[in-house]
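Chemist: I need the structure of the sequence given here:
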Amino acid sequence: EVQVVESGGGLVQAGGSLRLSCAVSGFTFDGDDYDIGWFRQAPGKEHEEISCISTSDGSTYYGDSVKGRFTISKNNARNTVYLQMNSLKPEDTAVYYCAATCDLEDANWGQGTQVTVSS
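Modeler: Below you'll find the predicted structure:
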């Protein structure tokens, strides 16, 4: 069973940076081909897919709202996917989730990690 645990959220001022981590268990990046996606849910809004990475070839996807500001990466030795978030804006405030899919409809939500960007 694939399990993910998000961490790294916090409170940051607009223009600042945070790095989120998604620790993955249940398969190894070196041996298996999965997609790991980052999603977020802002207050009063639906879940939004913001980025995704293939554990096999490292190909990436970014949503328009984060393109050019966020960078997704993976560490095969640690079985961890990261989301480096730069130039944060108040509208990036949300609970951030990772999941073993790039498809919003297939994602199972864990606890997530809260990101709050103050203006």
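
Chemist: which helix or strand contains the residue nearest the centre of the chain?
Modeler: The centroid of the chain falls nearest to W38 when counting by C-alpha atoms, centre = their mean (2.9 Å). Using DSSP states H and E, W38 falls within strand 35-41.

Chemist: so what's S25 bridging to?
Modeler: Q3 (DSSP bridges).

Chemist: got a list of what the residue nearest to the centre of the chain touches?
Modeler: Taking C-beta atoms under 8 Å, 6 or more residues apart in numbering, we find W38 in contact with 20, 22, 49-52, 72, 81, 83, 96-98. From N, CA and C alone the C-beta is placed, and that goes for glycine too.

Chemist: JSON lines for those residues, including neighbour count?
Modeler: JSON lines is the format used below for the contacts of W38 (neighbours: other C-beta atoms under 10 Å):
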{"residue": "L20", "neighbour count": "24"}
{"residue": "C22", "neighbour count": "27"}
{"residue": "E49", "neighbour count": "20"}
{"residue": "I50", "neighbour count": "24"}
{"residue": "S51", "neighbour count": "23"}
{"residue": "C52", "neighbour count": "22"}
{"residue": "I72", "neighbour count": "23"}
{"residue": "V81", "neighbour count": "28"}
{"residue": "L83", "neighbour count": "26"}
{"residue": "Y96", "neighbour count": "23"}
{"residue": "Y97", "neighbour count": "24"}
{"residue": "C98", "neighbour count": "30"}
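
Chemist: tell me the one among the residues you listed nearest to D30.
Modeler: Of all the contacts of W38, D30 sits closest to V81, with 13.8 Å by C-beta to C-beta.
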